[in-house]
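Q: Generate a structure from the sequence data that follows.
(chains A and B)
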Amino acid sequence: MNVIYSRQFAFVVFLYVLGSAFLNVPESVIGKDVYISTALASLIGLGILHITIKLQGMYPQLNIIQIAELVLGKIAGKILNLFYIWTLFMLAILILFDIVLFLQLLYPRSPDILLSTIVLLSSIYVVSKGINIIGRLGDIAILPVFVLIILAFGVSISLFDLVNILPVLANIKPILGGTIFAAYWPFTQIIALAILLPFIIDLDENKNLIYYGYIIASITQIIRSFLVLGVLGENLIKISHFPFYDIFLMLRFQDFQRIELFFFLLFVTLVLSVLIISHFALTLSLQSFFKLKNYRALVIPLALFILIFTCNIFPSDIKFFAAYATTVIFFTLPINILYPLIVYIAAQIKMAKKESLGGIRNEG
Amino acid sequence: MIIIILIFFVILSIIFSIYPLYKNGDTLELIVVFVILTLSCIYGTQFYLDTYILPNPNILIDKLEFLAKAMESYFEI
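A: Numbering: from 1, shown residues only, chains lettered A, B, ... in the order given. Prediction:
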């Protein structure tokens, strides 16, 4: 059966929100008060999640692509859906680029294209197995991930320096800028999960679990940002690509070295989960857009498509961090926010019209 | 390396996507898969040869760079 439970979906949400930007902290470009930006951005993501769950409640049998076409009409719906597919595509290539960048820290001599291929092959396997396996992945991964996160936070505290945090709220403008960065990556990327909502069999009864999953992930992200700033300080987090990873490079316990390798399982599980979910969401959205019978035929060709376009769009990390990291916001964030909002407003209008027509008929 | 990986993925696609679709006569699915593979092969070869017949999508990103600069200066990042 191709279904999952709200509990499993909540785990998936947790892994997704956390894994998308756990090691890299996009909002760290602002330096001070980075954790306030994370907190503010998480509220935007919560709004998006709430809208998509409400939308799903209105049309339980349809996915967001089908809902958009139903409430906006075929042409407008298709155009809007193209934007949604575009944002999923950008998300998938950003995640792949991020994973490979991270893996190259551990395997510096391996070519990036080879690392991308290995990562994508594991994604292909899970995605072809279907939503059930993704749900089980959430079930299995949640406990070790949670334990490792607590351990990671615990060992990071030893390097924490309160001086790095102060002064708080010195300048409000960078905080708002940081909120935009954190909103685009990872919080509003929660929109990618909207296409998976029809697979949940107990959404109405247990939808609160999904909110809990998101809120716990957001709190974890806020603590992460707080720790990163407290340990590395303003100047270091501004230039670091993976600030949370850098904390482990600084850790030393007597004769133990390379503590970061102990947390390798945590990092890889998180980032791989995000790639798998993004790949799955992109595959499902294309299937739905073209009204194909089965999504499985698209899994391998789409993996190649993601791989090739990652090489083409983001050829080097220097170029990415110097120019593209900020520009990409304009390609994804407006769609992540406006797409569910437009579909939701259109669905509300359609519902209201239907109800008023029903009322007139009853009076007649 | 990229050419080897392209060939590897195309072979995988033929075995696990194209052949089953061809056997079932799913024409629409075949067309979509074919378009995705063709685009991937063209862009992969372009990347390998470092020549662009089809436009590189990052042209779009380059064009919006001024917005990023404006945003960074406005928010004092």
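Q: In three-state terms, how would the closest residue to residue B:54 other than its chain neighbours be classified?
A: Nearest residue to residue B:54, sequence neighbours excluded (Cβ to Cβ, 6 or more residues apart in numbering or on different chains): residue B:42, at 5.9 Å. Heads up, the C-betas are built off the backbone N, CA and C, glycines and all. With DSSP: H, G, I helix; E, B strand; the rest coil as the basis, residue B:42 sits in helix.
Q: ok, residue B:42 - how many residues close by?
A: Neighbourhood size, residue B:42 [other Cβ atoms under 10 Å in any protein chain shown]: 13.
Q: Surely it touches residue B:53?
A: Yes. The criterion here is Cβ atoms under 8 Å, and residue B:42 meets it with residue B:53 at 7.1 Å.
Q: Contacts only, for the residue in chain A that chain B sits nearest to.
A: Per Cβ to the nearest Cβ, residue A:177 is where chain A lies closest to chain B, at 2.7 Å. By Cβ atoms under 8 Å, 6 or more residues apart in numbering or on different chains, the residues touching residue A:177 are A:29, A:30, A:37, B:71, B:72, B:74, B:75, B:76, B:77.
Q: need the contact list for residue A:101.
A: So residue A:101 contacts A:241, A:242, A:317 (Cβ under 8 Å, 6+ apart).
Q: Quick check: chain neighbours aside, which residue is closest to the last one?
A: It stands for residue A:317. residue A:101 is the one closest to residue A:317 (Cβ to Cβ, 6+ apart), at 5.6 Å.
Q: and if you look at the second one?
A: Counting by Cβ to Cβ, 6+ apart, the nearest residue to residue A:242 once its immediate chain neighbours are dropped is residue A:23, at 4.4 Å.
Q: That neighbour sits in which helix or strand?
A: Per DSSP states H and E, residue A:23 falls between elements, in no helix or strand.
Q: Just to check, it is in contact with residue A:264?
A: No. Residue A:23 lies out of contact with residue A:264 (Cβ under 8 Å); the separation is 11.2 Å.
Q: The two: who's more crowded?
A: residue A:23 (25 against 13).
Q: on that earlier part again, roughly how far apart are the residue of chain A closest to chain B and residue A:100?
A: Note on residue A:177: its distance to residue A:100, by Cβ to Cβ, to the nearest Å, is 27 Å.
Q: Which of the contacts of residue A:101 fall within helices?
A: Cross-referencing these against helices under DSSP state H gives residue A:317.
Q: most neighbours, which of the contacts of residue A:101?
A: Ranking the contacts of residue A:101 using other Cβ under 10 Å puts residue A:242 first, with 21 neighbours.
Q: check contacts around it.
A: Contacts of residue A:242 (Cβ under 8 Å, 6+ apart): A:23, A:24, A:101, A:102, A:105.
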